[in-house]
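Enquirer: take this sequence and fold it.
(one chain, ligands or ions: 2)
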Amino acid sequence: MQQKAFYLETFGCQMNVVDSERIVDLLEGIGYAQVDAADQADLVLLNTCSVREKAERKVYGHLGRFKPIKDQRPELIIGVGGCVAQQEGEKMLETVPYLDLVFGIHNVHRLPELVLQAEEKHLRGTATEFLDRETRLNLFPQRSVRDNVTRFVTVMQGCDNFCSYCIVPHVRGREVSRPSREIVAEIEGLVAQGVREVTLLGQNVNSYGLKEEGEISFARLLHKVDQVAGLERLRFATSHPKDMTDELIDCFGQLDKLCKHIHLPVQSGSDRILKLMNRGYTANDYLRKVERLKTVCPQLRLTTDIIVGFPGETEEDFQATLAMVEKVRYADAFTFLYSPRTGTAAAELNDDQSSVQKQERFERLCAQQNRNSEEAWQADLGEVLPVLVEGESKQGDGQIFGRTTWNRIVNFAGDKELIGKIVPVRIAKVFRNSNLGELP
Ligand code: SAM
Ligand code: SF4
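Expert: Ligands and ions are numbered 1, 2, ... in the order given. As a prediction, this is how the structure comes out:
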C-alpha cells in the first residue's frame with residue numbers, strides 16, 4: 001500500500017507547537033508521513049492561532065491557497081485545528097465549503113478518527129467540545145523524541161486569568177496542572193533519549209499546582225527537575241508577574257541548570273491600564289519583582305510582551321510604558337498593537353484613539369526597545385559563552401547552531417559531533433535575531 005502524505009502548518013504560541021508534535025505522532029500512527037509541500041499531500045492541516053484578529057483572518061487566506069489543489073484533486077482532505085477551530089467550530093465548515101474537518105483544542109486525540117471518516121465515508125466532521133478535568137489530565141501530550149536536544153514539556157494547560165483583552169481562557173478552557181511526578185518521569189525519560197534541555201510550558205506556569213490538592217508549587221517543581229541527572233538546562237514559559245513568588249524568584253540564585261533568562265510579560269507600565277487589563281499588579285509591584293530577580297541573579301536578562309493602543313490609552317499611559325521599558329532594560333520585547341477580540345471584556349470598552357495615533361506610539365516603542373536590544377546583545381560581542389548545540393544550522397555551509405543561557409541563537413562552524421554538548425563559543429558578530437560565533 002502506498003504511504004499517505006500530510007502537510008501541516010503551525011501558527012501561534014509554543015502550546016500549538018506541542019499540539020502539532022502530537023498531531024504528527026497521531027497521523028504517523030494511521031499510516032501518514034509528513035511532507036513539506038501541500039501539493040504533494042493527501043491531507044493538509046492548519047494548526048491556528050486567534051490571539052489577534054490578523055492571525056485569525058490569515059487562516060481563511062491560507063485555506064484559500066489549498067482550494068485550487070482540492071479543485072484538481074477532490075479526494076484531498078483539508079482540516080483546521082487550534083484556537084480558531086475551537087472558536088468557530090461548525091461555522092467554519094459552512095463558511096469554507098471545501099474544508100473537511102475542524103478539531104478544537106481538547107480534541108487533538110480525535111484527529112485520526114476524523115481523518116479516517118473523511119477518507120472512508122467522505123464525511124465532513126467537527127470535534128470542538130471541552131473535556132472535563134480528568135479526561136484532560138489523561139490526555140496530556142506525550143510525544144516521541146526525534147533526535148531532539150531541547151524539548152517543551154507541558155506542565156499545565158488552560159488559563160483562569162481572564163486578562164480583559166485575551167481570548168486564550170475562552171478557547172483553551174480552565175487551568176489544569178499535571179501531577180509533578182508525571183512531569184519529572186517524562187523529563188527523566190526524555191533525558192534517557194538524549195534530550196539535554198527542557199522548557200516547562202503553560203499559559204501561566206507560576207500558578208502551577210495552586211488548584212490541585214496536595215500538589216507542590218512551581219518553585220518546588222523547578223527544584224525537582226533541576227535534580228534530574230543528565231539534564232543540562234532548564235527553562236520555563238510563560239510567567240505571570242502576579243504569581244511570581246519570592247520562592248520562585250530565588251530559584252534563579254539557587255538552581256544551576258535554570259537558564260538566566262525570564263520572559264515576564266508586563267503588557268503596560270500604566271497602573272490605570274494594568275487595572276483595565278485585569279492583570280492583578282501595579283507597575284511598582286512589577287518593578288519590585290524585577291529588582292529582586294536582578295539581585296538574586298545579576299546576569300539575568302528579561303524579555304517581555306507589551307500591548308500598545310489598549311482602549312482609552314492616553315499619552316501619559318504610554319509614557320509610563322516607555323518609562324517601564326527604560327527602567328527594566330529588556331533584552332527583547334514582543335510588541336503588539338491591541339486587537340479587539342469578540343467575547344473578551346476589553347472588546348466592550350470605548351476606544352477613541354485613531355489607528356494613526358496607535359501606530360505612531362507603536363513605532364516609538366519599537367524604536368526605543370530596538371536600541372535597548374541592540375545594546376544588550378552587543379554586550380556579548382567578543383565574549384566566550386557556553387552554547388548548548390542543538391543541530392545543523394539553517395544557514396547551511398556546514399554550520400551548527402545552539403543557544404546561550406539567554407536563549408539567543410548562535411550559528412558557528414563546528415562538527416556535528418558537538419550536537420547535544422555545551423561548548424564555549426566566541427561571539428564574532430551580532431545580528432538582530434541571532435549571533436555568529438566561532439570556536440575559540
Ligand atoms: N499567557 C501568556 C502571558 O500571559 O504572558 C501569553 C499569552 S498570549 C498568547 C501572548 C501575548 O499576546 C500576550 O502576552 C499579549 O501581549 C498578546 N496579546 C494577547 N491578546 C492580545 C490582544 N487582544 N491584542 C494584542 N495583543 C494581545
Ligand atoms: Fe491571556 Fe492573561 Fe491568560 Fe496570558 S495570563 S493567556 S494574557 S488571559
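Enquirer: if I look at Glu326, how far off is ligand 1?
Expert: 19 Å (C-beta to the nearest ligand atom, to the nearest Å). In this view, the C-beta of every residue, glycine as well, is placed from N, C-alpha and C.
Enquirer: with Asn370 instead?
Expert: 18 Å.
Enquirer: quick one: contacts of whichever strand or helix holds that residue?
Expert: Per DSSP states H and E, Asn370 falls inside helix 355-378. Helix 355-378 has contacts (C-beta atoms under 8 Å, 6 or more residues apart in numbering) with 301, 306, 308-309, 313, 318, 321-322, 325-326, 329-333, 335, 337-338, 408, 430, 432, 435.
Enquirer: now, of those, which are buried?
Expert: Using 16 or more other C-beta atoms under 10 Å as the burial test, the contacts of helix 355-378 include 301, 306, 308-309, 313, 318, 321-322, 325, 330-333, 335, 338, 408, 430, 435 as buried.
Enquirer: and the helix or strand of the chain with the lowest mean pLDDT, what's buried?
Expert: In the chain, the helix or strand scored least confidently by mean pLDDT, DSSP states H and E is helix 133-138, which has a mean of 87. Using 16+ other C-beta under 10 Å as the test for burial, helix 133-138 gives 136-137.
Enquirer: what do you get for stretch 341-353?
Expert: For stretch 341-353, using 16+ other C-beta under 10 Å, the buried residues are 341, 344, 346, 353.
Enquirer: near ligand 1 at all, it?
Expert: Yes - under the criterion of C-beta under 6 Å from any ligand atom, ligand 1 is reached by stretch 341-353 at Arg341.
Enquirer: circling back: against which helices or strands is the helix or strand following the least confident helix or strand of the chain packed?
Expert: Later in the chain than helix 133-138, the nearest helix or strand by DSSP H and E is strand 150-154. For strand 150-154, the helices and strands in contact under the criterion 3 or more C-beta pairs under 8 Å, 6 or more residues apart in numbering; DSSP states H and E are helix 14-29, helix 180-192, strand 197-201.
Enquirer: just the ones in helices from the buried ones among the contacts of helix 355-378, please.
Expert: Among the buried ones among the contacts of helix 355-378, the members falling in helices (DSSP state H) are 318, 321-322, 325.
Enquirer: how far away is Glu360 from Thr199?
Expert: 36 Å (C-beta to C-beta, to the nearest Å).
Enquirer: check Pro68 too.
Expert: 39 Å.
Enquirer: how about Asp415?
Expert: Distance, Asp415 to Thr199, using C-beta to C-beta: 26 Å.
Enquirer: and if you look at Phe310?
Expert: 29 Å.
Enquirer: show me where the stretch 201-350 of the chain has helices.
Expert: 218-226, 246-254, 271-276, 283-296, 315-328 (DSSP state H, counting those that start in this stretch).
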